[in-house]
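Novice: whatever this is, show me its structure:
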Amino acid sequence: MKVQEVILKAMAGSLKWWEAAEIIGVSDWTMRRWWERYEEGGYDGLYDYRKRRPSPKRVPLKTAEKVLQLYREKYFDFNVRHFHEKLASPAMAAAHVGADASLAAAARSPVRLPAAPSSPRCS
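Specialist: Numbering: from 1, shown residues only. All right, here's what the predicted structure looks like:
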């Protein structure tokens, strides 16, 4: 369940606020603050205004869709790291996009790979 769905259920009364806090994984106090912000400003009061403008590293949606399409259809047998290396090459950007260097820019943006699980230490 998404955070928004949990909050909406808590607002509707089908979940208690402390149950919603437990599902979302935040403390009771955080949920109480969110509830107060909801009481004061409605659902719009829950918006985080610290993030007013998008990241300067943001890639246009069409470029992201092109990258995902390439990864799913043409380079499906590559792992993420290998695909990223291939994507960053100027030859691939020129072959798939032409003069537009947006694929190369997308490749330069940070890639978040899942962290490797840590092995338990022996004492």
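Novice: when you work out contacts or count neighbours from here on, use the C-alpha atoms and nothing else.
Specialist: Fine.
Novice: mean confidence for stretch 28-47?
Specialist: Average pLDDT, stretch 28-47: 82.
Novice: list the buried residues for that stretch?
Specialist: Applying a neighbour-count criterion of 16 or more other Cα atoms under 10 Å, one finds Met31, Trp34, Trp35, Arg37, Tyr38, Tyr43, Leu46 buried in stretch 28-47.
Novice: those residues into CSV, with extra columns for secondary structure and distance to Val80?
Specialist: Shown next, in CSV, are those (DSSP: H, G, I helix; E, B strand; the rest coil; distance: Cα to Cα, whole Å):
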residue, secondary structure, distance to Val80
Met31, helix, 37
Trp34, helix, 37
Trp35, helix, 40
Arg37, helix, 40
Tyr38, helix, 40
Tyr43, helix, 38
Leu46, helix, 35
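Novice: give me every residue that touches the spatially closest residue to Asp44 that is not a sequence neighbour.
Specialist: Residue nearest to Asp44 in three dimensions, not counting chain neighbours: Tyr38, with 7.5 Å by Cα to Cα, 6 or more residues apart in numbering. Going by Cα atoms under 8 Å, 6 or more residues apart in numbering, Tyr38 touches Asp44, Gly45, Leu46.
Novice: turn those residues into TSV, columns for distance to Met11.
Specialist: Compiled in TSV, the contacts of Tyr38 are given as follows (distance: Cα to Cα, whole Å):
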residue	distance to Met11
Asp44	13
Gly45	13
Leu46	12
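Novice: quick revisit: go through the buried residues of stretch 28-47 and name the one nearest Ala91.
Specialist: Leu46 (45.5 Å; Cα to Cα).
Novice: any figure for the gap between the closest one and Phe83?
Specialist: 38 Å (Cα to Cα, to the nearest Å).
Novice: next: Thr63.
Specialist: Distance of Thr63 to Phe83, computed by Cα to Cα: 15 Å.
Novice: show me where the protein has strands.
Specialist: Under the criterion DSSP state E, the chain carries no strands.
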